[in-house]
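A.B. asks: I would like the atomic coordinates for the input below:
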Amino acid sequence: MAARVLAPRRLVSSLPLAGSLILAYGFVLVTLVRQWAHDPNYAHGFFVLPMAAWLAWRRRDAFIRAPRVPSTLGLIVVAAGAVLYVAGVVAAEFFTTRVSLVVVAAGLVLALEGRERFRTMAFPIAFLLFMVPLPYVFYYRLTFPLQVESSRLAASLLATAGMPLVREGNVIHLESYSLEVVTACSGLRSIMTLGTIGVFLLDAIPLTRGALPVYIALIIPIAVAANVARLVATAGIAAIGGPEAAQSFLHELSGLVVFVTGLAALLMCAKGLQWIGRVHGGRPR
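C.D. replies: Below is the predicted model:
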């Protein structure tokens with residue numbers, strides 16, 4: 001009960017520290033929000049902070065019950081985050097400065113609240129990393145292989161269905177339409193968005209330690225399959241309604257339907273793994 005009474009007072013006392021963080025990371029936050037707003041690949045970043053806040057709120061009772069024993073280890077973590085921040089600023093590299101924000105936040109919780117309380121909030125803090133966009137150099141290295149693989153799988157499915165086509169790299173030539181699997185259609189966007197939601201679902205669907213890596217590994221093939229399904233749907237729309245139909249609102253609608261289907265598949269996999277763990281007597285992590 002004492003912890004609950006002191007909470008508002010401690011919240012007020014932490015305002016100067018919060019203000020200092022905002023001042024130091026102001027430009028980092030501005031560039032981060034700007035990229036979320038202008039890059040569709042990272043639009044999900046707007047939802048990561050509220051999702052992390054929800055995860056933290058669900059752990060508030062465990063946080064309060066845990067003993068508060070400030071740890072000097074947290075100061076080391078803060079120092080490591082500060083080094084990342086300085087390195088990122090000197091190199092004009094956004095990714096490093098953005099990651100440093102999460103590292104510093106983790107270090108402050110560890111330093112001020114101690115290991116036990118930090119342990120209760122480790123998942124929400126780590127979840128914040130999903131709001132950090134990948135460096136473009138890594139992004140483009142990942143997208144091209146995904147473009148080629150997605151086009152190959154889509155072409156195989158369309159050929160199996162009896163649709164005449166010719167594939168050249170990431171372009172599928174149909175009778176009346178050429179479907180180019182561009183960077184935005186590589187599937188990486190689906191992987192990142194489904195990955196964010198999939199990890200968030202772990203809070204509601206606890207899995208055993210053995211099932212957890214299986215579930216994480218399933219996110220990528222499910223996202224790729226959803227992307228391939230969208231490509232096949234686009235080709236089908238073009239075959240039935242012509243090239244104009246393939247570029248109409250049906251293209252976006254099919255993308256939404258396929259994404260929801262992929263999310264449902266991910267949820268079913270999580271529930272299935274949870275059931276298997278329960279049958280075999282596994283204990284959730």
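A.B. asks: all helices of the stretch 101-250 of the chain, in order?
C.D. replies: 115-127, 136-160, 188-201, 211-241, 243-246, 249-279 (DSSP state H, counting those that start in this stretch).
A.B. asks: Can you spell out which helices and strands pack onto the second one?
C.D. replies: Counting contacts by 3 or more C-beta pairs under 8 Å, 6 or more residues apart in numbering; DSSP states H and E, helix 136-160 packs against strand 166-168, strand 171-173, helix 188-201, helix 211-241. Heads up, the C-betas are built off the backbone N, CA and C, glycines and all.
A.B. asks: Single out the most deeply packed of those.
C.D. replies: Here the criterion is mean neighbour count by mean count of other C-beta atoms under 10 Å, and of these the winner is helix 188-201, at a mean of 21.
A.B. asks: The closest residue to Tyr25 other than its chain neighbours: what's it in contact with?
C.D. replies: Nearest-residue entry for Tyr25: Leu101, 5.3 Å, with adjacent residues in sequence omitted and distances by C-beta to C-beta, 6 or more residues apart in numbering. Counting by C-beta atoms under 8 Å, 6 or more residues apart in numbering, Leu101 makes contact with 25, 28-29, 81, 85.
A.B. asks: before we move on, back to that, let's have the helices of the stretch 101-250 of the chain in a markdown table, adding distance to Leu75 and mean pLDDT.
C.D. replies: Formatted as a markdown table, the helices of the stretch 101-250 of the chain follow (distance: least, C-beta to C-beta, whole Å; pLDDT from 0 to 100):
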| stretch | distance to Leu75 | mean pLDDT |
| --- | --- | --- |
| helix 115-127 | 13 | 96 |
| helix 136-160 | 31 | 87 |
| helix 188-201 | 29 | 88 |
| helix 211-241 | 31 | 85 |
| helix 243-246 | 57 | 66 |
| helix 249-279 | 38 | 82 |
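A.B. asks: Of these, which is nearest Tyr42?
C.D. replies: Evaluated over these, closeness to Tyr42 peaks at helix 188-201, with 7.5 Å, by C-beta to C-beta.
A.B. asks: outside of the closest one, which residues touch it?
C.D. replies: 40-42, 44, 47-48, 51, 55, 127, 130, 139, 142-143, 146, 215-216, 219-220, 222-224, 226-227, 259, 262-263, 266-267, 270.
A.B. asks: what do you get if the cut-off is 7 Å, keeping everything else the same?
C.D. replies: 40-41, 44, 48, 51, 127, 130, 142-143, 146, 219-220, 222-223, 226-227, 259, 262-263, 266-267, 270 (C-beta atoms under 7 Å, 6 or more residues apart in numbering).
A.B. asks: so how far is it off the chain centroid?
C.D. replies: 4 Å (C-alpha atoms, centre = their mean, to the nearest Å).
A.B. asks: what angle do that helix and helix 249-279 make?
C.D. replies: Per axes from the mean of the first three to the mean of the last three C-alpha atoms, to 10 degrees, the angle that helix 188-201 makes with helix 249-279 is 40 degrees.
A.B. asks: Return helix 188-201 as CSV; C-alpha atoms alone will do.
C.D. replies: In CSV, the C-alpha atoms belonging to helix 188-201 read as follows (Å, rounded to 0.1, in the frame of the first residue of the first chain):
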residue,chain,number,x,y,z
LEU,A,188,9.0,-7.3,-45.6
ARG,A,189,6.3,-4.9,-44.6
SER,A,190,4.0,-7.8,-43.8
ILE,A,191,6.8,-9.5,-41.8
MET,A,192,7.4,-6.4,-39.7
THR,A,193,3.8,-5.6,-39.1
LEU,A,194,2.7,-9.2,-38.4
GLY,A,195,5.8,-9.7,-36.3
THR,A,196,4.9,-6.7,-34.1
ILE,A,197,1.4,-7.9,-33.7
GLY,A,198,2.5,-11.5,-33.2
VAL,A,199,4.9,-10.7,-30.4
PHE,A,200,2.2,-8.5,-28.8
LEU,A,201,-0.2,-11.5,-28.8
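A.B. asks: now that helix against helix 211-241, angle please.
C.D. replies: Going by the same axes, to 10 degrees, helix 188-201 makes 140 degrees with helix 211-241.
A.B. asks: Thank you, goodbye.
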